[in-house]
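Enquirer: Give the three-dimensional model of this entry:
(chains A and B)
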Amino acid sequence: MVLRTDKSKFRALNRRELLKLTPLVAVGAFAIPRLQEKLLATGLGFSDWASARLFRENHLAPTFADSEVTPFERFPINDYDVDDPEVDFDSWTLTVSGAVQKPGEYTLAQVMQLPKLTQNTKHVCVEGWDVIGSFAGARLSDFLKLIGADTSARFVYVECADDYYESLDMATALHPQSLLCYEMYGRPLTREHGAPLRLTLPTKIGYKQAKYLTDLKITNLLQRVGYWEDQGYSSFYGL
Amino acid sequence: MATRAIAIEDKKTGEVTEAVYEHPFVVRFCHWLNVISLFVMVGSGLQIFRAFPSFGAKIPEKELINWPKSFALGGWLGGALQWHLTFMWIYLGTGLVYLGYQIFSGNYGQVLFVRRDLPGVWPMVRHYFFFGPKPPAREAYNPLQKQAYTAAIALGALSVITGFAVWKPVQFSWLAWLMGGFHWARLWHFITMWAILAFVFGHLVMVVLHGWNNFLSMLTGWKKDPDYPVE
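Expert: Numbering: from 1, shown residues only, chains lettered A, B, ... in the order given. Okay, here's the model as predicted:
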């Protein structure tokens, strides 16, 4: 069935159809500097929200055979400042504060008394590279039990000897593969890899896995999210 | 689906031109929105790639290519990730709306390459490479076009799937495993991008060759003087 029309009516029809596309101009808001930052922050926030929904408490990250582990000397040493912040091991303690029943100073020996877990897991850097490392330590969840942490609080916040700082959502902190790590490749953690104590989180991106820990706080409110997050990187970045 | 056709009469000369409504609104809207998203996804993706321009080991790192910053979007890794993680939702949403519309309206017949299109492929190839006559057009797209558009849609889906494997290699560990792990998923994601860019290049060449009237139809939906019979 062919309808009939004349030239001017056809032109008007075309114009109407073209105008229907004008809502696309709204995307141009991303090109306006004042709006751009807010829009991108919203987009990243939405991604983080979706990430948190996608996280499953009992879904384990893949683990690997010893033969698949990246050789120790090829496990990158990444930090934002110094390889070795010169931690004094003899006087080192982990300062625990916030929503816990037993705040105070915890020694490495106390952490090492908790059940030890050894796992070969993947370390994925936000830059795009990945390595498989051999890590051992105490489950973060066991340590949270030891200090009487209020696990209904939202965050675990840590500070480091090199002024690095990080935060974790409680669900990830309680994940069975989240470790307070004091051994890599069957040997005590070296200074470059975060001695005496670091985080190993197979369900998180690399920058979340803070080294040279000095402070741990359970909190509902974060003054700061993390060293990289506060510069614009994803706050949640779960893998 | 019956194609909507119209006869345009020039009142002065009495001349009658035929026009056909080739591209429904949803298809046109998704097409142009996707042009924007794809531009942002490729640009920011290349900036993300600049942070580790390799598919090998970190130590020792062997750079595949030093991609120029001026052909990337976001300025730095964190900025590029913001663009990428924002527009991936727009890109995904557009793709889902498009697919949903094509399926439920039945309009997919226009672009989906099916068995019946197979015999028409070779004559069309011969025509494109200048050693065969132009086969008569029977519908909006010839078999080669259908093949190209069907492949483009599949590549779009692949870019999303490989992207999810790179973004969530633990939560979607089965997906990453299917691709050979995070490391390979990243490579597949990269290859998919180049395949899409290859399509875009060919697409643009053909758009230029087919001229203004054809180009307008993606803006207004209407194509004057179609070279195929209308119902």
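Enquirer: How about chain B: which residue is closest to chain A?
Expert: Chain B approaches chain A most closely through B:Thr86 (2.5 Å), counting by C-beta to the nearest C-beta. For the C-beta atoms, the positions are set from N, CA and C on the backbone; glycine is no exception.
Enquirer: That residue in helix, strand or coil?
Expert: Here B:Thr86 is helix, with the state taken from DSSP: H, G, I helix; E, B strand; the rest coil.
Enquirer: in terms of contact, does it touch A:Leu44 like I think?
Expert: Yes. Here B:Thr86 reaches A:Leu44: they are 6.5 Å apart, a contact under C-beta atoms under 8 Å.
Enquirer: what's the burial count for the residue of chain A at minimum distance from chain B?
Expert: Closest residue of chain A to chain B, C-beta to the nearest C-beta: A:Gly43 (2.5 Å). Counted with other C-beta atoms under 10 Å in any protein chain shown, residues neighbouring A:Gly43 total 20.
Enquirer: One more: the one 3 residues further on?
Expert: By the criterion of other C-beta under 10 Å, A:Phe46 has 13 neighbours.
Enquirer: List the residues that contact it.
Expert: B:Thr86, B:Trp89 (C-beta atoms under 8 Å, 6 or more residues apart in numbering or on different chains).
Enquirer: Repeat the analysis, applying 10 Å as the threshold.
Expert: Taking C-beta atoms under 10 Å, 6 or more residues apart in numbering or on different chains, we find A:Phe46 in contact with B:Leu85, B:Thr86, B:Trp89.
Enquirer: and if you look at A:Leu222?
Expert: A:Leu222 sits next to A:Arg154, A:Phe155, A:Tyr157, A:Tyr165, A:Ser167, A:Glu229, A:Asp230, A:Ser235 when contact means C-beta under 10 Å, 6+ apart.
Enquirer: just for chain A, where's the confidence low?
Expert: A:1-2 (pLDDT under 70).
Enquirer: So in it, which helix runs the longest?
Expert: Looking across chain A with DSSP state H, the single longest helix is helix A:33-54.
Enquirer: what do you get for chain B?
Expert: Chain B, longest helix under DSSP H: helix B:182-220.
Enquirer: Okay, buried residues for that helix please.
Expert: B:182-186, B:188-190, B:192-193, B:195-196, B:199, B:214, B:217-218, B:220 (16 or more other C-beta atoms under 10 Å in any protein chain shown).
Enquirer: Near chain A, list only the ones from those residues.
Expert: Near chain A, judged by C-beta under 10 Å from any C-beta of the partner chain, the entries from these are B:Phe182, B:His183, B:Arg186, B:Phe190, B:Ser217, B:Met218, B:Thr220.
Enquirer: what's the farthest-apart pair in those residues?
Expert: B:His183 and B:Thr220 (46.4 Å; C-beta to C-beta).
Enquirer: where do the strands sit along the chain?
Expert: Since no chain was named, I'll use chain A. Secondary structure of chain A (DSSP state E): strands at A:2-6, A:94-98, A:104-106, A:116-124, A:130-139, A:155-160, A:165-169, A:179-184, A:187-188, A:198-200, A:213-219.
Enquirer: Chain B, not that one
Expert: B:4-9, B:16-21, B:222-224.
Enquirer: quick one: contacts for the residue sitting nearest the centre point of chain A?
Expert: Computing the C-alpha centroid of chain A and ranking residues by C-alpha atoms, centre = their mean puts A:Lys208 first, at 3.7 Å. Shown in contact with A:Lys208 (C-beta under 10 Å, 6+ apart): A:126, A:158, A:166-168, A:172, A:178, A:199, A:201, A:226, A:228-229, A:233-239.
Enquirer: Kindly recompute the last result at 6 Å.
Expert: By C-beta atoms under 6 Å, 6 or more residues apart in numbering or on different chains, A:Lys208 lies in contact with A:Glu166, A:Leu201.
Enquirer: partner residues bridging A:Lys116?
Expert: A:Ala138 (DSSP bridges).
Enquirer: quick one: it and A:Val100, what's the gap?
Expert: To A:Val100, A:Lys116 is 22 Å away according to C-beta to C-beta, to the nearest Å.
Enquirer: Those two: which is more packed in?
Expert: The neighbour count for A:Lys116 versus A:Val100, taken as other C-beta under 10 Å, is higher for A:Val100 (18 against 15).
Enquirer: what residue ranges in chain B score low on pLDDT?
Expert: For chain B, the ranges with pLDDT under 70 are B:1-3, B:231.
Enquirer: rerun at 80
Expert: B:1-3, B:130, B:229-231 (pLDDT under 80).
Enquirer: Would you map the helices across it?
Expert: Taking DSSP H as the criterion, chain B carries its helices at B:25-51, B:77-105, B:121-128, B:143-167, B:173-178, B:182-220.
Enquirer: now those helices as CSV including distance to A:Gly133?
Expert: Conversion of these to CSV gives the following (distance: least, C-beta to C-beta, whole Å):
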stretch, distance to A:Gly133
helix B:25-51, 20
helix B:77-105, 22
helix B:121-128, 51
helix B:143-167, 20
helix B:173-178, 17
helix B:182-220, 14
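Enquirer: how about these, which one is nearest A:Arg139?
Expert: Once the helices of chain B are compared by C-beta to C-beta, helix B:173-178 is nearest, at 20.4 Å.
Enquirer: List the single closest residue to the most centrally placed residue in chain B in space, sequence neighbours excluded.
Expert: A centroid search over chain B (C-alpha atoms, centre = their mean) returns B:Ala152, at 4.4 Å, as the residue closest to the centre. In this structure, B:Ala152 finds its nearest non-sequential neighbour in B:Phe199, 4.8 Å apart by C-beta to C-beta, 6 or more residues apart in numbering or on different chains.
Enquirer: roughly how far apart are that neighbour and B:Phe25?
Expert: 23 Å.
Enquirer: Next: A:Leu201.
Expert: For A:Leu201, the distance to B:Phe25 - C-beta to C-beta - is 47 Å.
Enquirer: Neighbour count for these two, which is higher?
Expert: Neighbours were counted for A:Leu201 and for B:Phe25 using other C-beta under 10 Å; A:Leu201 has more, 27 against 13.
Enquirer: mind listing what the more buried one touches?
Expert: So A:Leu201 contacts A:Ser178, A:Lys208, A:Gln209 (C-beta under 6 Å, 6+ apart).
Enquirer: can you check B:Pro123 too?
Expert: B:Gly132, B:Pro135.
Enquirer: ok now stretch A:204-223, how far from the chain's centre?
Expert: 9 Å (C-alpha atoms, centre = their mean, to the nearest Å).
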